[in-house]
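Enquirer: Mind looking at a prediction? Sequence and model below.
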Amino acid sequence: MRDSLSSALPSATSGSPVSTRSFGAQVIAPGRTRFRLWAPDVKTVSVELETGRSFPMRRLEDGWHEVEVPCVAGTRYQFKVRPGVLVPDPASRLQAGDLRDASVVVDPDSYVWRNTAWRGRPWHETVLYELHAGAMGGFRGILARLPELAALGVTAIELMPIADFPGKHNWGYDGVLLYAPETTYGAPEVLKALIDGAHDLGIQVFLDVVYNHFGPDGNFLNQYASRFFSEDQKNAWGSSIDYRQPAVREFFIENAIYWLEEYRFDGLRFDAVHAIPDASFMSELGARVRKHFDPARHIHLVLEHDGNAAHYLREQFDAQWNDDLHHVLHVMLTGETRGYYSAYAEATTEKLARCLKEGFAYQGEVSPAHHGDTRGEPSADLPPTAFIAFLQNHDQIGNRAHGDRLTTMADSRAIRAAATLILLSPQIPMLFMGEEWGSTKPFNYFVNHEGELAEAIRLGRLQEFALAADPDDDQRVIPDPSEMSTYHSSIPDHPSGVEVEYAQWLEFYREVLAARHASIVPRLQGASSLGAVVIGNKAVKAMWRLGDGAVLTLYTNLSEDRAMLNPEHWPDDSEELLETRVNAVSLLRQGCLRAFTTVALLKTRQRL
């Protein structure tokens, strides 16, 4: 159900004015709006209002077109770029329907913010919770869930991409209008109310943004701004976005600032940065964001980069998703070694120890999953908080043929041990929606494309998994991404309060996160590794000196067999912080680490 456009435009005014934008429609005075469009391929452009009035735009240098028009917030408009060709504003703040419908003039200063003094939270306090807005009931549905997430110990939610996409449901990585929140999730003021409500509870809000491609349906840029795309650079989605064009760079940099400023998001996660051919772009974006905002405001910038590009983390970026740590743990928990997991099939426990000690497992070594190429950059000098650790996320579940969650593939005791390692290590932990109650429902890949595109995606999925299939795999039918049932089956089965197993999982996550917040977070700034060693099959010991001098030690055994420790690895007189199985600490002090167990010990300065 789409929120009405009238509800998107509250009459009250409040808040400081937002920055002037180079692109799109901007209310510049009561009853007056400026329109700007970069359309270097055409000589004439006009703004067409829903009233039937047409306003020719003045052609400026470098392909820009501009005009000021007497119209108010709420006015619907399109750009005429060729005779009979009307297109939406590529910087539309709101659509009056879907991608092919009119754009809507929005006054960004019209929402009344409650939390005007909010400055965010320091990065080391972050516990992330990744979610899909549609699967959580839209912006209002997320808002309703915030109190229970706060009680769980979550301090930040991360929304999968919400930029307007074709159809009614989509993972979000097919976004086309990158400034317009998807209307099926709620109107702009509902999104702002969600962020306001999160700040009420001390919860940060992050947004996943996609700057490596546009979606395959509903993108009209080639009709008037073909320079957005490179003819000589390709990526997995086709022609790369051409960041050599100054206007293109500005479009995306302003987009990042827009979400952080107009909506007051606390941070951004940049999707698949390795697919952006111009490496200088992300460095410039990070510098521009930092320069734009008051340093007293906590704004966090996070990367996904398959190449383990550690140099970004020495610049303007806070952290990078640690895929290596996930992949190592997944191989240990499930035994899977196909596809990219093949790069972790050998010396698996050693790779886990390296991830805990230095961040990335691959820091320039040859990777079997990357055609024998080297992968990664040195990361040992970085703080542990420069890495985001997780057992599950949208990719690692949804890019499986059947969207299987880890709870359907691994022993629950092993999952608890691995989750405790993730949640108590000094790396920044992240959960995926439903993980906290041990959900077994799939999270499938879903879209809402039609016709030939929908069929091409369906066949592509079948071919992809046919090549990767194991002869012993089950014969379940791979869900069609465009079928409504695929989307509905991916909506988490939120606990009703009567499921005993769900309640046990929730209590487990609450207990572990409570230990993190009480004993680790206050000491986390300035933490550094003291080393990590293999102590048995699938068993490691890792140690960190925390910011106040205390020493955190984690023992983890993901094997079904106990690990007998050499005397040099026995624990000292550190205090017990947490054990995942009964009597695990007592046995550890006798040199035995139970199967499927993690033990956390803390030695404070008073005991050093």
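Expert: Received it, and whenever you're ready, just let me know what you need. Residues are numbered from 1 along each chain as shown.

Enquirer: Mind pulling the model confidence for the closest residue in space to residue 303 that isn't next to it in sequence?
Expert: Once flanking residues are discounted, residue 303 sits nearest to residue 320: 4.6 Å by CB to CB, 6 or more residues apart in numbering. Heads up, the C-betas are built off the backbone N, CA and C, glycines and all. We note a pLDDT of 98 for residue 320 in this prediction.

Enquirer: Run a quick neighbour tally on residue 320.
Expert: Using other CB atoms under 10 Å, residue 320 has 25 neighbouring residues.

Enquirer: Any idea how far the helix or strand where it lies is from the middle of the chain?
Expert: Assigned by DSSP states H and E, residue 320 belongs to strand 319-321. From the chain centre to the centre of strand 319-321 is a distance of 10 Å (CA atoms, centre = their mean, to the nearest Å).

Enquirer: I'd like the next helix or strand past it.
Expert: Past strand 319-321, the next helix or strand by DSSP H and E is helix 323-334.

Enquirer: can you list contacts of the helix or strand that that next one is followed by?
Expert: Counting by DSSP H and E, the next helix or strand C-terminal to helix 323-334 is helix 348-358. Outside helix 348-358, the residues within contact range by CB atoms under 8 Å, 6 or more residues apart in numbering are 322, 324-325, 328-329, 331-332, 344, 360-361, 379-380, 421, 425, 529, 531-534, 537-540, 542, 554.

Enquirer: Please name the strands paired to the strand holding residue 320 in the sheet, noting orientation.
Expert: Taking DSSP bridges as the criterion, strand 319-321 forms sheet pairs with strand 300-303 (parallel), strand 387-390 (parallel).

Enquirer: model confidence over the helix or strand following the last one, on average?
Expert: Meaning strand 387-390. Downstream of strand 387-390, the next assigned helix or strand under DSSP H and E is helix 394-398. If you average the pLDDT over helix 394-398, you get 94.

Enquirer: can I get the CA coordinates of helix 394-398 in PDB?
Expert: C-alpha atoms of helix 394-398 as PDB (Å, rounded to 0.1, in the frame of the first residue of the first chain):
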ATOM      1  CA  HIS A 394      21.500 -10.700   2.700                       C
ATOM      2  CA  ASP A 395      24.200 -11.800   0.200                       C
ATOM      3  CA  GLN A 396      25.300 -14.900   2.000                       C
ATOM      4  CA  ILE A 397      21.800 -16.200   2.500                       C
ATOM      5  CA  GLY A 398      19.900 -14.800  -0.500                       C
END
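
Enquirer: what does it rub up against?
Expert: Against helix 394-398 from outside (CB under 8 Å, 6+ apart): 130, 132, 160, 171, 326, 330, 390, 403-406, 432, 442-445, 490.

Enquirer: Need the contact partners of the helix or strand of the chain with the lowest mean pLDDT.
Expert: Lowest by mean pLDDT, DSSP states H and E among the helices and strands of the chain is helix 451-468, with a mean of 81. Helix 451-468 is contacted by residues 216-217, 338-339, 401, 445, 447, 449, 478, 480-482 when judged by CB under 8 Å, 6+ apart.

Enquirer: how far is it from where the chain is centred?
Expert: On CA atoms, centre = their mean, the centre of helix 451-468 falls 25 Å from that of its chain.

Enquirer: same question, stretch 138-153
Expert: Relative to its chain's centre, stretch 138-153 lies at 17 Å (CA atoms, centre = their mean).

Enquirer: Only the C-alpha atoms, please, for it, written as PDB.
Expert: C-alpha atoms of stretch 138-153 as PDB (Å, rounded to 0.1, in the frame of the first residue of the first chain):
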ATOM      1  CA  GLY A 138       7.900  -0.800   5.400                       C
ATOM      2  CA  PHE A 139       9.200   2.200   7.300                       C
ATOM      3  CA  ARG A 140       6.200   2.000   9.800                       C
ATOM      4  CA  GLY A 141       6.800  -1.700  10.400                       C
ATOM      5  CA  ILE A 142      10.500  -1.100  11.200                       C
ATOM      6  CA  LEU A 143       9.500   1.800  13.600                       C
ATOM      7  CA  ALA A 144       7.300  -0.600  15.500                       C
ATOM      8  CA  ARG A 145      10.100  -3.100  15.900                       C
ATOM      9  CA  LEU A 146      12.700  -0.600  17.200                       C
ATOM     10  CA  PRO A 147      11.900  -1.100  21.000                       C
ATOM     11  CA  GLU A 148      12.600  -4.800  20.800                       C
ATOM     12  CA  LEU A 149      15.800  -4.300  18.800                       C
ATOM     13  CA  ALA A 150      17.000  -1.800  21.400                       C
ATOM     14  CA  ALA A 151      16.200  -4.300  24.200                       C
ATOM     15  CA  LEU A 152      18.200  -6.900  22.200                       C
ATOM     16  CA  GLY A 153      21.300  -4.700  22.300                       C
END
